[in-house]
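Chemist: here's my sequence, what's the structure:
(chains A, B and C)
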Amino acid sequence: MSSRSPRFGVLHQSNITMFFFSLALSFMLLAGGLFGSEARAEYGDIVLNNYSDKNGIRPVIFPHWFHRMRYACKSCHSDIGFPFKAGGSKVNMLNIISGEYCGACHNGQIAWSVENCDLCHSALPNTPTQVHNSVLRAPK
Amino acid sequence: MNKRQITITSLTLFAVALTALMGVGVVNAAGNPNPFNRLFVPPKERDTALKNDKIHDPSVPGLKLLQQPKEAFAPLPGSIGGNYINWVQALNKGLIKPHFDHLDASKEALSMDLVIVMEVKGSMPNVAFPHKEHTVWLECTNCHDSIFKPLKGANPMSMAEIMLGQKCGVCHGSVAFPVTECRRCHTESKKTAKK
Amino acid sequence: MADEPRRIITADASKLGVGQNIGFVEKLIHESAAAKQILKSDNPEARAFQEKAIMHLDEARAAEKQGNAEAVAKALNKAKLAIFMGMRLVGGKVVKDKKQENYNKKRHSLESLLAAHKRIRKENESGQDSRDAEVETHTQKRMQEAQAYYDKGELIKAGDVLNNAYLSLKLSLVKLRDGKTLVRSLHFETREDEYRYELRRNDTHNMLINTVLKKKREDPRLGKLMDIPLKEADKLRTEAEQQAGSENYEAAIKTLEESTKHIIRAIRMAGIFIPG
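Modeler: Presented below is the predicted three-dimensional model:
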């Protein structure tokens, strides 16, 4: 998508200044939004909080972008059985420790093991389950 | 000039000056006077440092062990949305080598080169869906038939659905390039399609 | 995947400085769902691991009193590893459930792929190849074989048979389709279908206004300007819905197309050019 000049033809002459002003303003608003106080985590950072807060531990952040560089989608979403939905699996510590879901790799052999709690449980408390920075997905 | 016009003009000048200043900042930092979307934060300057990203708890000691997105993405080809990475190019150039099987690093994807051209109304170019670029990452059954019915004409699709996270939007808009990159799917101009 | 419990190799957590909270580890050992499962189980080995974890937790407490942070970290890590070993011993049901789930998913996948293979083989213009039909019979046989293993409780073997069958079927399917381009032309069975299509196209453009351009529309001046075509678009949409209500789809389609054009005008006003 590319930015083009606004179509002045549809505007009254006296409105052009105002229009230009508002255009500039909107750019500022836009830039402000990007620099502002909103969360700016990486696209595809997934927060999982099905059970964490309830059990007094920080929610999990799964960096999807990190994993997709190392494994094809299929290995987790087909072989290991994660659905295409944040928080859609019933993953908990018991099945991870038993070698299912994250535990298929995070077992000390393929990747570091689960006693490193804080490497996953690293989100600010009360962060809801979400795909972070998911763009254009209309609010529920 | 009446007072109102003066106010508007001066405000406009002020806004333009500010916008220009911001633009200049971006230009200097990026070293390119004509970056795409001049007033957006260039991907290289986005601050997604884990401790500042507002979802990680900065007090977690383990944070310093995790990889920073900026570091991970430095060698990869850029794009205009999402992770600001062209993942297809990154893969084709061998800059990333994702394992196709988590237990057997030697297994390779069995890709299929099948293109589905979908006509759309209006002057928007038609969509060409390349199976090849998808099957190097995914298994057929990731999409068929839970997301797409493998049947001619069974998948009437709209951008609205995609934006709501259905069909293509299961991935595109949350982990794969977002729908703002229109031209990556709408590639077939109407003239070519008619040939 | 090996069925025997894996040895847990650990990074030196005292250097990592993570998860060093006595209260948290205490909860993990005594109160977590998995810890409760160990207590409920009659598995003496699992209970032994839990006891071992409690012992290490006491060591951690003692070290904390002496102010020895490094010893606290080491003891806590041992406690965690011990409780995890115990949890793994009672996790059998979890593993079995998951293997069953995996099998059933894979079976469903294979069924879908087989249906696709049958359909594509029949569509194939370049003539029928008897080998393609053979692949289908082969797949069905393998599925029966897998089911027999599954019924005997040999889940891993059942899964492997399905995986191999899937791979050969996929190979055959790829061969049938590779290198082709198929065009899905825009064709509507009825005028009503076309109307539904136009409705979704209208929704789509409205959604762009409410998402990508939300910030721009909040700006009072630009917002006001954008409101002009958007109001017109709304009006036309209502009109189209009424026309469709009285089954005048022909007119409803035209009205909706007009409505969408007005939304596109508003989007372009906001500085984003999209084709019509």
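
Chemist: pLDDT below threshold where in chain C?
Modeler: C:1-20, C:125-127 (pLDDT under 70).

Chemist: over to chain A?
Modeler: Residues of chain A that meet the cut-off, pLDDT under 70, sit at A:1-39, A:133-140.

Chemist: the helices in it, which residues?
Modeler: Under the criterion DSSP state H, helices of chain A are mapped to A:15-35, A:64-68, A:73-74, A:93-97, A:117-120.

Chemist: check chain B too.
Modeler: Using DSSP H, the helices of chain B run over B:3-30, B:69-73, B:87-92, B:131-135, B:140-143, B:159-163, B:190-194.

Chemist: now swap in the stretch 101-250 of chain C and tell me
Modeler: Using DSSP state H, counting those that start in this stretch, the helices of the stretch 101-250 of chain C run over C:130-151, C:155-177, C:191-210, C:214-218, C:220-245, C:249-269.

Chemist: among those, which is nearest B:Asp113?
Modeler: Counting by Cβ to Cβ, B:Asp113 lies closest to helix C:155-177 out of the helices of the stretch 101-250 of chain C; the figure is 8.4 Å. All C-beta spots, glycine's among them, are computed from the backbone N, C-alpha and C.

Chemist: tell me the domain boundaries of chain B?
Modeler: Residue ranges for each domain of chain B read B:1-45, B:47-75, B:78-195, as given by automatic domain parsing.

Chemist: ok, now chain A?
Modeler: By the assignment in automatic domain parsing, chain A contains the domains A:11-40, A:45-131.

Chemist: dump the ones you listed to CSV, plus mean neighbour count and distance to C:His30.
Modeler: Listed next are those as CSV, based on neighbours: other Cβ atoms under 10 Å in any protein chain shown; distance: least, Cβ to Cβ, whole Å:
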stretch, mean neighbour count, distance to C:His30
domain A:11-40, 16, 35
domain A:45-131, 20, 13
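
Chemist: any chance of TSV for these, columns distance to chain C?
Modeler: Below are these laid out as TSV (distance: least, Cβ to the nearest Cβ, whole Å):
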stretch	distance to chain C
domain A:11-40	4
domain A:45-131	3
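
Chemist: export these as a markdown table, with columns for distance to C:Ala34.
Modeler: Output for these, formatted as a markdown table (distance: least, Cβ to Cβ, whole Å):
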| stretch | distance to C:Ala34 |
| --- | --- |
| domain A:11-40 | 32 |
| domain A:45-131 | 4 |
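
Chemist: re the thing from before, and the helices of the stretch 101-250 of chain C: which comes nearest B:Asn52?
Modeler: Among these, the nearest to B:Asn52 by Cβ to Cβ is helix C:214-218 (21.9 Å).

Chemist: how much space between C:Lys74 and C:Glu239?
Modeler: Distance, C:Lys74 to C:Glu239, by Cβ to Cβ, to the nearest Å: 75 Å.

Chemist: brain fart, C:Val95
Modeler: 60 Å.

Chemist: comparing those two, which residue is more hemmed in?
Modeler: C:Val95 (19 against 16; other Cβ atoms under 10 Å in any protein chain shown).

Chemist: what helix or strand does that one sit in?
Modeler: Assigned by DSSP states H and E, C:Val95 belongs to helix C:92-123.

Chemist: near chain B at all, that helix?
Modeler: Yes - counting by Cβ under 8 Å from any Cβ of the partner chain, chain B has neighbours in helix C:92-123: C:Ser109, C:Ser112, C:Leu113, C:Ala115, C:Ala116, C:Arg119.

Chemist: the first one touches C:Tyr166, doesn't it?
Modeler: It stands for C:Ser109. Yes - between C:Ser109 and C:Tyr166 a contact is recorded at 6.7 Å, counting by Cβ atoms under 8 Å.

Chemist: sorry, back to before: comparing the helices of chain B by mean pLDDT, which bottoms out?
Modeler: Note on the helices of chain B: helix B:3-30 shows the lowest mean pLDDT, a mean of 46.

Chemist: residues in contact with A:Pro83?
Modeler: Taking Cβ atoms under 8 Å, 6 or more residues apart in numbering or on different chains, we find A:Pro83 in contact with A:His77, A:Ser89.

Chemist: from A:Tyr101, how far out is it?
Modeler: A:Pro83 sits at a distance of 11 Å from A:Tyr101 (criterion: Cβ to Cβ).

Chemist: which residues in chain A form strands?
Modeler: Remark: strands assigned in chain A by DSSP state E are A:2-3, A:45-48, A:60-63, A:130-131.

Chemist: would you turn those strands into TSV with distance to C:Asn21?
Modeler: Output for the strands of chain A, formatted as TSV (distance: least, Cβ to Cβ, whole Å):
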stretch	distance to C:Asn21
strand A:2-3	50
strand A:45-48	20
strand A:60-63	17
strand A:130-131	26
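
Chemist: let me have those strands in a markdown table, extended by distance to chain B.
Modeler: Shown next, in a markdown table, are these (distance: least, Cβ to the nearest Cβ, whole Å):
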| stretch | distance to chain B |
| --- | --- |
| strand A:2-3 | 6 |
| strand A:45-48 | 6 |
| strand A:60-63 | 6 |
| strand A:130-131 | 4 |
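
Chemist: if we can go back for a sec, C:Ser109 and C:Tyr166: who's more crowded?
Modeler: Using other Cβ under 10 Å, the more surrounded residue of C:Ser109 and C:Tyr166 is C:Tyr166, with 23 against 20.

Chemist: I figured the more buried one was touching C:Leu110, is that so?
Modeler: Yes - in this structure, C:Tyr166 is within contact of C:Leu110 by Cβ under 8 Å, at 5.3 Å.

Chemist: before we move on, the earlier item: any residues in contact with both of A:Pro83 and A:Tyr101?
Modeler: A:Ser89.

Chemist: now the residue nearest the centre of chain C. Nearest residue, chain neighbours left out?
Modeler: Nearest to the centroid of the C-alpha atoms of chain C, with distances taken as Cα atoms, centre = their mean, sits C:Lys105, at 13.0 Å. Leaving aside its chain neighbours, C:Lys105 sits nearest to A:Gly81 (6.7 Å; criterion: Cβ to Cβ, 6 or more residues apart in numbering or on different chains).

Chemist: likewise for A:Ile96?
Modeler: A:Gly103 (3.8 Å).

Chemist: where are the low-confidence patches of chain B?
Modeler: Residue ranges of chain B with pLDDT under 70: B:1-46, B:150-155, B:191-195.

Chemist: close to chain C: what parts of it are there?
Modeler: So chain B meets chain C at B:60-62, B:65, B:103, B:110-125, B:131, B:139-141, B:144-145, B:150-153, B:156, B:158-161, B:163, B:180, B:182, B:193 (Cβ under 8 Å from any Cβ).

Chemist: in stretch C:114-129, which residues are buried?
Modeler: The neighbour-count check on stretch C:114-129 (16 or more other Cβ atoms under 10 Å in any protein chain shown) flags C:Leu114, C:Ala116, C:His117, C:Arg121 as buried.

Chemist: for stretch C:35-46, same thing?
Modeler: Within stretch C:35-46, the residues that count as buried by 16+ other Cβ under 10 Å are C:Ala35, C:Gln37, C:Ile38, C:Asn43, C:Ala46.

Chemist: picking that back up, what's the most distant pair in the residues of helix C:92-123 next to chain B?
Modeler: C:Ser109 and C:Arg119, at 16.0 Å, using Cβ to Cβ across the residues of helix C:92-123 next to chain B.

Chemist: count of neighbours near B:Gln67?
Modeler: By the measure other Cβ under 10 Å, the count of residues near B:Gln67 is 13.

Chemist: surely it and A:Met69 touch.
Modeler: No - shown here, B:Gln67 and A:Met69 do not form a contact pair, counting by Cβ under 8 Å, at 9.4 Å.

Chemist: circling back: and the gap between the residue nearest to A:Ile96 and A:Ile80?
Modeler: Counting by Cβ to Cβ - A:Gly103 and A:Ile80 are separated by 9 Å.
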